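Visitor: Could you look at this predicted model? Sequence included:
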Amino acid sequence: MISGRCLCGSVTYRAASAPIVVRACWCRLCQYIGAGSGTVNACFAREGFIIQGELGDHMGVADSGARMHRRFCRSCGTHLFSEAEPRPHLIFVRVGTLDDPEAGRPQMTIWTSQAPSWACIAEDLPRVEAQPPPAG
């Protein structure tokens, strides 16, 4: 079982299965979410994924064109999840919120075309310049 929480502990979650894929993302929106860095996101099946606590929701359109819901803790502001309307069977979790971040080791880096020149991108991971094919 994989679990995680926000900074203040008001929101917790559990995943019944391992991530489908884990990606480091350097799209411009993730740079805003990551306060200047990219984000690392673990994709889980929504089925068997349990969230407890009150979430806020910020809806926007991703560079991929998908309408996205970015969910965060209303108490401390920690950004926890993203969900794409075209893929309601998936949920993307910010790896930094996992109780064991080793469970979210990136398998590739995406949106490298939008990364700043100083971005630290792992040399040993596959790179995709934009949006890869959908997970799951």
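Guide: It's in. Everything numeric in this text was worked out from a predicted model, so none of it was measured.

Visitor: thought Trp28 was touching Asp63?
Guide: Rather than Trp, residue 28 is Arg. Yes - A contact is recorded between Arg28 and Asp63 when judged using Cβ atoms under 8 Å, the distance being 6.9 Å. In this view, the C-beta of every residue, glycine as well, is placed from N, C-alpha and C.

Visitor: Find the residues that touch each one of the two.
Guide: Counting by Cβ atoms under 8 Å, 6 or more residues apart in numbering, the common neighbours of Arg28 and Asp63 are Trp111, Gln114.

Visitor: For these two, indicate the residue with more neighbours.
Guide: Applying other Cβ atoms under 10 Å to Arg28 and Asp63 shows that Asp63 carries more neighbours, namely 16 against 13.

Visitor: Next one: that one from Arg105, what distance?
Guide: To Arg105, Asp63 is 24 Å away according to Cβ to Cβ, to the nearest Å.

Visitor: in this structure, which residue is closest to the centre?
Guide: Among the residues of the chain, Asn41 comes closest to the average C-alpha position under Cα atoms, centre = their mean, at 3.1 Å.
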